[in-house]
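In: all I have is the shape, not the residue letters:
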Ligand SMILES: Cc1ncc(COP(=O)(O)O)c(C=O)c1O
């Protein structure tokens, strides 16, 4: 086995450790994966926060197969195909009111790069070319390309890669266990942390700032929830200073919080939403930037034969992704999945908060169908305790995700109470065993 694994340099993986004891997945259906040996594994993380309708959904499978046979590829520059327009319209229909323009990419990282470039270019086409500065947030995750890691705030993703983008700054993160540990739903304390943006405006001047990008709920950095009133305050400060607000909804998009987008759940409308993952239920790579009409309109000037925005990807609006996306949105609609997290969140919250009091559990937090369980690190060995819990869960037939010493749960939205019980039973037993 070891030889045959040599060629593949695995992403975000401890390659040498993995190749000594591989964890392989061979098949999936509904809430489950199966290993090549036929062992069933309950999916507690929707693959990687993306398989929101569960695995191998027939409508999506058939749509992809049919599209591959009908038309494999169509160039997206100066050409189009019907499903690209249909999917853009279907996405706009479930997006917050007024956000009705959709630009397709192939991943969350590409959506972020696209949104950042759009923001800078938007100010330029409006005659405010000095607005080039981009503001992110500490502990933010916005994918792995240079713009994304520059506005991102996860040190391990940044420190190896040189000087990054110039002209970027960060507001403080909102994670405060001293005040908010074991909050059920959004935490009470910390709305005033949005005022950190005023500090950066005072330092750099608003006339140099293009946009602020935040995740409404930060997922990859360990499920960090927005304090009550925080996003509203950020919106107000952006409005006051003419700064665009970008919500990175790569994880929160497509039903994770009980509405199609977290912007709707929290009642705060940004200028742009970046999304990916759940747009095709993870079945074909795709991402998108959704933006307000006015932003698009600003670009639509000058001679009509000229390209308005010099940006795009060979695989933007790929026919297979569009077919998968349309079938995914239909599946979500048929089964009410975009609001199901709101119905299930009480049961989910009770279950995950039952882990309060287990050894080394220093926080449990939840919103919709996402939860974070934070463990005290082993002295001198950060990340090991959570990773050992991950390995133990894998052995017992449960897939979870860890980042640092935080365990993240984000199950498919089709989850039933019995699955929730099994997730928490298995996880709790693993946490106890690592004590
Ligand atoms: C908020 C956020 N933005 C961007 C990304 C990057 O997405 P991708 O891995 O598809 O490039 C992720 C991935 O988890 C994410 O959570």
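Out: Nice, thanks for sending it over. What you see is a predicted model, and the numbers here were worked out from it, not measured in a lab.

In: name the element residue 297 belongs to?
Out: helix 293-299 (DSSP states H and E).

In: can you list contacts of that helix?
Out: 98, 100-101, 118, 121-122, 125-126, 244, 271-272, 308-309 (CB atoms under 8 Å, 6 or more residues apart in numbering). C-betas here are computed from N, CA, C, even on glycine.

In: try 10 Å
Out: Helix 293-299 is contacted from outside by 92, 98-103, 118-119, 121-126, 244, 271-272, 289, 292, 307-309, using CB atoms under 10 Å, 6 or more residues apart in numbering.

In: in helices, which of those appear?
Out: Counting by DSSP state H, these place 92, 118-119, 121-125 in helices.

In: ChimeraX command to pick out the buried ones of those?
Out: The buried residues among the ones in helices among the contacts of helix 293-299 can be selected in ChimeraX (16 or more other CB atoms under 10 Å) with this line:
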select :92,118,119,121,122,123,125
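
In: how about the contacts made by the residue in the stretch 51-200 of the chain positioned nearest to the ligand?
Out: The minimum distance from the stretch 51-200 of the chain to the ligand, using CB to the nearest ligand atom, falls at residue 108 (2.2 Å). Taking CB under 10 Å, 6+ apart, we find residue 108 in contact with 49-50, 141-145, 148, 220, 248-251, 253, 274-277, 279, 285-288.

In: for residue 185, same thing?
Out: Contacts of residue 185 by CB under 10 Å, 6+ apart are 225, 228, 345, 349, 365-368.

In: so which of the residues you listed reach the ligand?
Out: Filtering the contacts of residue 185 for proximity to the ligand by CB under 6 Å from any ligand atom leaves nothing.

In: which stretch of helix or strand covers the spatially most central residue of the chain?
Out: For the chain, the residue nearest the mean C-alpha position is residue 251 (2.3 Å; CA atoms, centre = their mean). Using DSSP H and E, residue 251 sits within no helix or strand.

In: residue numbers of this protein in contact with the ligand?
Out: Near the ligand, when you scan the chain using CB under 6 Å from any ligand atom, you find 107-109, 112, 141-143, 215, 219-220, 248, 250-251, 276.

In: at 8 Å instead, please
Out: 48-49, 107-112, 140-145, 148, 215, 218-220, 248-252, 274, 276-277, 285, 287 (CB under 8 Å from any ligand atom).

In: can you give me every residue that contacts residue 399?
Out: 23, 25, 32-33, 41-48, 390, 393, 411, 423.

In: swap the cut-off to 8 Å and go again
Out: Per CB under 8 Å, 6+ apart, neighbours of residue 399: 33, 41-45, 393.

In: what do you get for residue 9?
Out: residue 15.

In: let's verify the spatially most distant residue from the centre of the chain: helix, strand, or coil?
Out: Residue farthest from the centre of the chain, counting by CA atoms, centre = their mean, is residue 303 at 37.3 Å. Secondary structure, DSSP: H, G, I helix; E, B strand; the rest coil: residue 303 is coil.
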